[in-house]
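Trainee: Any chance you could fold what I've pasted below:
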Amino acid sequence: MWGLAAAFYLFGFFQRVTPAALAQELAQELAPTATALGWLSATYFYCYAVMQLPAGLLADRFGPRRLFIAATAAAVAGTLLFAWAETFAAAAVGRGIIGAAAAVGWIGMLKLAAHWFSPQKFASISGLSLTVGTIGAVLAGFPLRLLSDEYGWRNVVAGSAGFAALVLLGMLFILRDDPAERGYRSWAPAPQTDDALAKISVWDSLRTLPKKDLALLCLGQTAVTGSVVMMAGLWGVPFLTTLFDVSSRTAVGLTSLIPIGFAAGSLVFGPWSDRTGRRKKPLLVGTLGVFAGFILLASGISLSSLWATAALLSMIGISSGSMVVAFAYGKDLVGGRRTATITALVNLSVTLGSLGLQPLFGVILDWQWDGLVVEGVRRYDATAFQWGFAATALWLGLTAIAQWKTRDAVSPAKTLGLASPGG
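Mentor: All right, here's what the predicted structure looks like:
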C-alpha cells in the first residue's frame, strides 16, 4: 500500500525538479529570461500549494485511495500537456496540473502510514518516504539529461507519463485505505477517529488546534526545502555551468548531490527523532546546517574550487533531510488529530518556500545581470549568484528563529516508554 503511494510521490518529485536538467532547452524554447524560467518552474508549486489543505481535508474525510486515483490520472494528462507545449502558457498550465495532482502524494502517503505502521515508526517511515521521493529527483538529474540528449526532452517527459499510468492501474486494483479492509490490524491512532471527525465541521476541528506552535513550526519550514528545491530544482545547474565552466551533464550530476544528501539526511534525522522521542532538536540542527551552507556560498569562499562547492551542496542536502521531522512534529503537537490535514498544513508551509524562492532568485539574477548573452540565453556572473545566496541565507536565519521558538513535542513512542533508554 505504501509502495504504490511512494511510487506516485517519486513521480511527482521527478516532475518537480525537471526544470533544472532542462533549463537550457526551456530557456531557448519557452522561457527566455531568468524571471520567466523561475515562474515556469514555480507554477508547479503554486498549484501544489493551493491544493494542500483541500487534499488534506478530503483525505481525512474520504480516505486517500480515491484521491490518489484522481490525482494520478490528472498527473498523466498534465505531463503530456507540458511535454507537447509550444508556448509558455501551455507549459505553465501543464506544470500547474502536475503540481495540483502531486499535492496528494505526500499527504496521502503519510495518511496511509498512520494506518499501516505503528506510531513509534512514523518519523522513520516519513524519512524512508522522502528517500523514495528523492530517487525521483535523482532520476530527474543526470539520467534525464542523458536521455534528453539522446531522444529529446519532450519525448522523455512524455514517456514518463507511462510510468504514472502503470501506478494508476495498481491503485485501481490494489490500494486500500486501512489494514482492516484486508483483515489486518489497523494502526490508526483511534479506531473511529476519522469517522467521528467526519461528523465535525472543519472549522470546529481546526479552531481547537495549538495555533501559535503550529504557526511557528510552519514558518520555520518555509526556507529549508524551498532553498533546496531552488538549487536542485532550477538554479544549481546554471550556477555550476557559469562559474566553473563545466558541461550541463557534469553540472546536473553535481547538483544531484543535493537530493542524494537529502535522502541520506532524512534516514538519519527521522530515526534520531524517533529514538530520542524529541522533534525540536533534530529539526533545528538541520535548519542551521542549511543556513551555514548558504552563508558559505554567499561569501564566495568555495568559488575557487569545484570540489569545495560540491562538498557544500552535499552538506546542504544532508542537513535539509531534517525537514522530515516536521511532519511528525505537527502530528505530535495536535495529538494525532486530523493527520492528513496537519500534514497538509506543514507541507503547505514547505511549499511556500519553494514557491517564493525560485522566482525571487530569478529576479535577483536579472537585477544583477550585466547584459551578457550566450547562445541566446542570459549569462549571470558570480556576484549575481552570491546576492541570491545571501537572500536565501537571510530567510533561513529568520525561519531558524521561528523553529527555536516552537514548543517541543513528545512523540507517542516517548509517551508510551518505547523510545530507547538513551533518548
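Trainee: Please tell me how far the host helix or strand of Thr343 is from the chain's geometric centre.
Mentor: Thr343 is part of helix 339-367 when elements are defined by DSSP states H and E. Per CA atoms, centre = their mean, to the nearest Å, the displacement of helix 339-367 from the mean C-alpha position of its chain is 9 Å.
Trainee: which parts of that helix are buried?
Mentor: Within helix 339-367, the residues scored as buried using 16 or more other CB atoms under 10 Å are 339-366. Where C-beta positions appear, they are placed from N, C-alpha and C, glycine not excepted.
Trainee: and it, what does it pack onto?
Mentor: Packing partners of helix 339-367 (3 or more CB pairs under 8 Å, 6 or more residues apart in numbering; DSSP states H and E): helix 34-50, helix 52-62, helix 88-116, helix 211-220, helix 224-230, helix 325-333, helix 382-405.
Trainee: What mean pLDDT does the second one get?
Mentor: Averaging pLDDT along helix 52-62 gives 79.
Trainee: swap in the last one?
Mentor: Confidence over helix 382-405 (mean pLDDT, whole number) is 92.
Trainee: cool, and the fourth one?
Mentor: The predicted model assigns helix 211-220 a mean pLDDT of 83.
Trainee: which other residues reach it?
Mentor: Helix 211-220 is contacted by residues 283, 287, 326, 329-330, 333-334, 342, 345-346, 348-349, 399-400, 402-403, 405-407 when judged by CB atoms under 8 Å, 6 or more residues apart in numbering.
Trainee: Please produce a ChimeraX select command covering the buried subset of the residues you listed.
Mentor: Buried residues among the contacts of helix 211-220 (16+ other CB under 10 Å), as a ChimeraX selection:
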select :283,287,326,329,330,333,334,342,345,346,348,349,399,400,402,403,406
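Trainee: Any idea which helix or strand in the chain has the lowest mean pLDDT?
Mentor: Among the helices and strands of the chain, helix 193-198 carries the lowest confidence by mean pLDDT, DSSP states H and E, at a mean of 47.
Trainee: what's the nearest residue to the residue nearest to the spatial centre of the chain if we skip its chain neighbours?
Mentor: With distances taken as CA atoms, centre = their mean, the residue of the chain nearest its centroid is Thr225 (6.2 Å). Leaving out its chain neighbours, the residue that sits closest to Thr225 by CB to CB, 6 or more residues apart in numbering is Val350, at 4.5 Å.
Trainee: residues in contact with the one you found?
Mentor: 221-222, 224-226, 323, 326.
Trainee: now Ala90
Mentor: Contacts of Ala90 by CB under 8 Å, 6+ apart are 81, 84.
Trainee: cool, Leu139 as well?
Mentor: Leu139 sits next to 10, 14 when contact means CB under 8 Å, 6+ apart.
Trainee: which non-adjacent residue is nearest Gly255?
Mentor: Careful, residue 255 is Thr; it's not Gly. That would be Gly236: by CB to CB, 6+ apart, it lies 3.8 Å from Thr255.
Trainee: Can you give me the neighbour number for the one you found?
Mentor: By the criterion of other CB atoms under 10 Å, Gly236 has 25 neighbours.
Trainee: Likewise for Arg154?
Mentor: Around Arg154 there are 16 residues (other CB under 10 Å).
Trainee: What of Ile69?
Mentor: 15.
Trainee: Can you check the pLDDT for the residue nearest to the centre of the chain?
Mentor: 84.
Trainee: Low-confidence ranges, this structure, go.
Mentor: Residues of the chain meeting the criterion pLDDT under 70: 123, 188-210, 335-340, 409-423.
Trainee: the helices in the stretch 201-350 of the chain, which residues?
Mentor: 202-206, 211-220, 224-230, 236-244, 248-255, 257-276, 280-299, 306-320, 325-333, 339-367 (DSSP state H, counting those that start in this stretch).
Trainee: Relative to Trp39, which of the ones you listed is closest?
Mentor: Closest to Trp39 of those is helix 339-367 (CB to CB; 5.3 Å).
Trainee: Can you classify the nearest residue to Lys280 once chain neighbours are set aside as helix, strand or coil?
Mentor: Leaving aside its sequence neighbours, Lys280 sits nearest to Asp408 (CB to CB, 6+ apart; 4.2 Å). What DSSP: H, G, I helix; E, B strand; the rest coil gives for Asp408 is coil.
Trainee: Save the helices of the stretch 201-350 of the chain as a markdown table, and put in distance to Glu25 too.
Mentor: Compiled in a markdown table, the helices of the stretch 201-350 of the chain are given as follows (distance: least, CB to CB, whole Å):
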| stretch | distance to Glu25 |
| --- | --- |
| helix 202-206 | 43 |
| helix 211-220 | 35 |
| helix 224-230 | 20 |
| helix 236-244 | 12 |
| helix 248-255 | 10 |
| helix 257-276 | 21 |
| helix 280-299 | 26 |
| helix 306-320 | 23 |
| helix 325-333 | 34 |
| helix 339-367 | 17 |
